[in-house]
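Peer 1: pasting the sequence and the predicted coordinates here, then a few questions.
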Amino acid sequence: MIWHVSSKDGSDANDGRAAATAFKTVSRAVEAAKAGDTILIAPGAYDQDLGARVGLARTGNIVVLVAGGH
């Protein structure tokens, strides 16, 4: 499963399953994701805890990618 996050266009009330229905926060995506899932983060402004949240996701065997990243 791919979970989408967009700080600009997302809402944590969305289902996170597509770019058009992205979550607003990485925290919400981490809550929804399971081992083997991917969290795709759109470019934008995120809180200072982003590194910790990404680390938590990776500890749970969740792949975290930045859209447009290399």
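Peer 2: Received, thanks.

Peer 1: count the neighbours of the closest residue to D9 other than its chain neighbours for me.
Peer 2: Leaving aside its chain neighbours, D9 sits nearest to A22 (6.3 Å; criterion: C-beta to C-beta, 6 or more residues apart in numbering). C-beta: built from backbone N, CA, C; applies to glycine. Neighbour count of A22, defined by other C-beta atoms under 10 Å: 26.

Peer 1: swap in N14?
Peer 2: When neighbours are counted by other C-beta under 10 Å, N14 registers 18.

Peer 1: which residues touch it?
Peer 2: By C-beta atoms under 8 Å, 6 or more residues apart in numbering, the contact list for N14 reads 21-24.

Peer 1: out of those, which is nearest to G60?
Peer 2: Sorting these by distance to G60 puts F23 at the head of the list, at 16.3 Å, by C-beta to C-beta.

Peer 1: mind checking pLDDT for the closest residue to the closest one other than its chain neighbours?
Peer 2: Distance criterion C-beta to C-beta, 6+ apart; nearest residue to F23, sequence neighbours excluded, is G16 at 4.2 Å. What the model reports as pLDDT for G16 is 98.

Peer 1: buried stuff in the lowest-mean-pLDDT helix or strand in the chain?
Peer 2: Least confident helix or strand, the chain: helix 50-59 with a mean of 91, by mean pLDDT, DSSP states H and E. Neighbour counts over helix 50-59 (16 or more other C-beta atoms under 10 Å) mark 50, 53-54, 57 as buried.

Peer 1: what residues does that helix touch?
Peer 2: Here helix 50-59 makes contact (C-beta under 8 Å, 6+ apart) with 26-27, 29-30, 33, 39, 64.

Peer 1: farthest pair in those?
Peer 2: Farthest apart among the contacts of helix 50-59 by C-beta to C-beta are S27 and V64. That separation is 12.5 Å.

Peer 1: after the least confident helix or strand of the chain, next one along is what?
Peer 2: Downstream of helix 50-59, the next assigned helix or strand under DSSP states H and E is strand 63-66.
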